[in-house]
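S.K.: here is a sequence together with a model predicted from it:
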Amino acid sequence: MLDTSDSLIVVTADHSHTLTFAGYPDRGHPIFGQNVYTPDDVWDGLPYTTLLYGNGAGYSLVETTNGNVTQVTRQNVTDVNTADKEYKQQSAVPLASETHGGEDVIIMAGGPMAHLFHGVQEQHYIAHVMMYAACLGEYTEHCDKPSTPKPVGSAGPAARGSYYTVVLTTILYSLLLMAATPF
C-alpha cells in the first residue's frame, strides 16, 4: 500500500487537443451523434457532428454538380453513422492527423511538497519542482541541511537511489521530453 505521508503524487497532462463540443447538444445527446440544430441554422445547410476537431484527417470537401453549377461543400453527414468506430470526426483544417492544442492543463498533487504545485505554471516548472521534491540534480542541498525545516516525510538522503527516486526520475524525464516536444 502507498503511504501518502512520504509519497508525492502528481497528476497532470502534457497538452490538450483541438477537439471541441460544437453547438448546444441536449442533455443525454449521443456524444458521437449529429448536432441538434436544423440545417436552416447552418450557413451551408448541412448537419454537423457534436464532436469536431480544429484540424486533422476528418477534413472533407465534396464536389457536387447541378446542371452548369458546381459546388464544393462539407460532407453531408445526414445518412452517415457517426458512431461507427471507423468514422473520422469532422475537422476544419486538413492534416494527416490532429495536433495538440494550447490550453492550460490542470495539475494536482498530494503528499510532501504538494504545496509547490499551485496556480497556473509553465510546464518546465513541474519538472523543477519534482526534482526539488526528490532531492535530485541541483536541488540536493536542501535535503541535507539540518537547519532547513522539511515537511514531514520529505525525501532526504535515504530516498536517493530508492524505488521512489527511480519512479520520480522516470516521470521527470517523461515531462522533460514532453516539454521539449514542439506543438
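M.R.: Cool, got the structure. Model, not experiment: these values are computed from the prediction. Residues are numbered from 1 along each chain as shown.
S.K.: buried residues in the helix or strand hosting Val93?
M.R.: Here Val93, judged by DSSP states H and E, is contained in strand 91-94. Using 16 or more other Cβ atoms under 10 Å as the burial criterion, the residues of strand 91-94 that qualify are Ser91. Just so you know, the C-beta spots here come from the backbone N, C-alpha and C atoms, and that holds for glycine as well.
S.K.: for that strand, which outside residues touch it?
M.R.: The list of residues contacting strand 91-94 from outside it, by Cβ atoms under 8 Å, 6 or more residues apart in numbering, reads Thr18, Leu52, Tyr53, Gly54, Asn55, Gly56, Ala57, Gly58, Tyr59, Glu98.
S.K.: burial count for the fourth one?
M.R.: Pointing back at Gly54 there. 15 (other Cβ atoms under 10 Å).
S.K.: list the contacts for it?
M.R.: Residues in contact with Gly54 (Cβ under 8 Å, 6+ apart) are Thr18, Thr20, Ser91, Ala92, Val93, Glu98, Thr99, Gly101.
S.K.: wait, which of those residues is closest to Gln123?
M.R.: Distance from Gln123 was checked for each of those by Cβ to Cβ. The minimum falls on Gly101, at 13.8 Å.
S.K.: mind checking which helix or strand of the chain has the lowest mean pLDDT?
M.R.: helix 163-180 (a mean of 60; mean pLDDT, DSSP states H and E).
S.K.: appreciated, that's everything.
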